[in-house]
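A.B. asks: the following block contains a protein sequence and its predicted model.
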Amino acid sequence: MTLRRLAPFFARMAATPAATWAAPLRRLAAERLHPERHGDLPGWLQALESLPRIEPGEIQLDADCVQVERGPGVHGSAGEALRSGLDALHPWRKGPFCLHGVRIDAEWRADWKWARAAAAIAQLHDRLVLDVGGGNGYYGYRALGAGAALVLGIDPTLRFVLQFLAVNQYLRQDRLAVLPAADTDLPLLAADGPFDTALSMGVLYHRRDAAAHLAQLYRALRPGGELVLETLVLPHDPKSVLRPPGRYARMRNVHAIPGIDVLRGWLDGAGFRRVEVADVTRTTTDEQRSTPWMRFESLAQCLSPANPQRTIEGHPAPTRALLTAQKRGQCGLARPH
Ligand SMILES: Nc1ncnc2c1ncn2[C@@H]1O[C@H](C[S@+](CC[C@H]([NH3+])C(=O)[O-])CC(=O)[O-])[C@@H](O)[C@H]1O
């Protein structure tokens, strides 16, 4: 049932240079979306199936709130079913989405990150894009809105895959999927991969082996393809690396936060060239916060009450850098002016 929703995407993918990836990813999706795979999966699948069928409306993927609306709006029991079905997939980390009158105001203003990225990255028109750790697909929709030909999102967190399937019931894109896979599940390629652009945003610090993550991304790209890397950095200490001994901003799985020079060195070491730092932004409690769609604690509760420049553990508060880099070989991609 669930896999049927992904069939149009796999058909599209089969007609791209990433065709050979389709069969292994389809098998993986079938395995991982099996209801016995995860204790919460049957409930999430039920929430997905409970979503009301609503006639297609006008879709806007290039808006900050990725949206679909029907003229008169959706009211009454369908509106209620929509809201409660989506709420059953709480917490919503990335958004906003505006679906038939329901605004999913997610924990993160992902539109802000997208605006920073879009200003820096090469034109996406007709590009084949890989979004590693793509969450519920918010950036994938924005990439389609910017003209991408097809976006393969992967994320090992099943709840986010289910969120994608839910929003896509209304946004109806068959050139985007978020599949249940990690970076380490990508085919180990002997030769160059097919992707023009690879996004890795908010993932590198979660990886124990940063070099292996960058090597995977390098392999997935075609010669001359572009990496868009967004990760936590040390803002005032370009040549150091923080390896938090315990938690970082209450997160258990933050392995390394490099200074900018160190990060550049990692990218050089992976073979990338033309490494550029496009943006460095301190994460604010306006960008990442609790909302009715993410009712747990958020950034404000992870900062030191005495000094918000520090995390609750005393580390530098989260600052994120966005870098672009190019795989060697052939010409690059056109950049915005
Ligand atoms: N090995 C892995 N391979 C792929 N994904 C992974 C892995 N491990 C964790 N993830 C996934 O990486 C994402 C990290 S969030 C960034 C989301 C989006 N990109 C963003 O830029 O907002 C962090 C943040 O909130 O910034 C989660 O969806 C994990 O499931």
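C.D. replies: Okay, I see it. The structure displayed is predicted, hence computed values, not measured ones.
A.B. asks: residues contacting the residue found closest to Asp40 once you drop the neighbours it is linked to in the chain?
C.D. replies: Nearest residue to Asp40, sequence neighbours excluded (Cβ to Cβ, 6 or more residues apart in numbering): Arg159, at 7.3 Å. Heads up, the C-betas are built off the backbone N, CA and C, glycines and all. Neighbour list for Arg159: Asp40, Trp44, Leu89 [criterion: Cβ atoms under 8 Å, 6 or more residues apart in numbering].
A.B. asks: for the stretch 101-250 of the chain, what are the low-confidence residue spans?
C.D. replies: For the stretch 101-250 of the chain, applying pLDDT under 70 flags the ranges 189-190.
A.B. asks: give me the neighbour count for the residue nearest to Gly71 when sequence neighbours are not counted.
C.D. replies: Excluding its sequence neighbours, the residue lying closest to Gly71 (Cβ to Cβ, 6+ apart) is Gly57, at 7.5 Å. Neighbourhood size, Gly57 [other Cβ atoms under 10 Å]: 19.
A.B. asks: show me what counts as buried in stretch 106-118.
C.D. replies: Ala106, Glu107, Trp108, Arg109, Ala110, Asp111, Trp112, Lys113, Trp114, Arg116, Ala117, Ala118 (16 or more other Cβ atoms under 10 Å).
A.B. asks: touching, Pro17 and Leu128? I think so.
C.D. replies: Yes - counting by Cβ atoms under 8 Å, Pro17 touches Leu128, with 6.4 Å between them.
A.B. asks: between the two, which is the more surrounded one?
C.D. replies: Ranked by neighbour count (other Cβ under 10 Å), Pro17 and Leu128 place Leu128 first, with 23 against 14.
A.B. asks: what strands flank the host helix or strand of Asp196, and is each parallel or antiparallel?
C.D. replies: According to DSSP states H and E, Asp196 maps onto strand 195-201. Strand pairing for strand 195-201, determined by DSSP bridges: strand 128-132 (parallel), strand 221-232 (parallel).
A.B. asks: per-residue pLDDT of the nearest residue to Pro42 once chain neighbours are set aside, please?
C.D. replies: Excluding the flanking residues, the one nearest Pro42 by Cβ to Cβ, 6+ apart is Pro35, at 4.8 Å. With respect to pLDDT, Pro35 has a value of 92.
A.B. asks: returning to what we had before: okay, the strands paired with strand 195-201 in JSON lines with distance to the ligand next?
C.D. replies: Shown next, in JSON lines, are those (distance: least, Cβ to the nearest ligand atom, whole Å):
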{"stretch": "strand 128-132", "distance to the ligand": "5"}
{"stretch": "strand 221-232", "distance to the ligand": "6"}
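A.B. asks: now those as JSON lines including distance to Ile154?
C.D. replies: Shown next, in JSON lines, are those (distance: least, Cβ to Cβ, whole Å):
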{"stretch": "strand 128-132", "distance to Ile154": "6"}
{"stretch": "strand 221-232", "distance to Ile154": "15"}
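A.B. asks: which parts of the stretch 151-300 of the chain sit against the ligand?
C.D. replies: Near the ligand, the residues belonging to the stretch 151-300 of the chain are 154-157, 160, 182-184, 201-203, 206, 230 when assessed by Cβ under 6 Å from any ligand atom.
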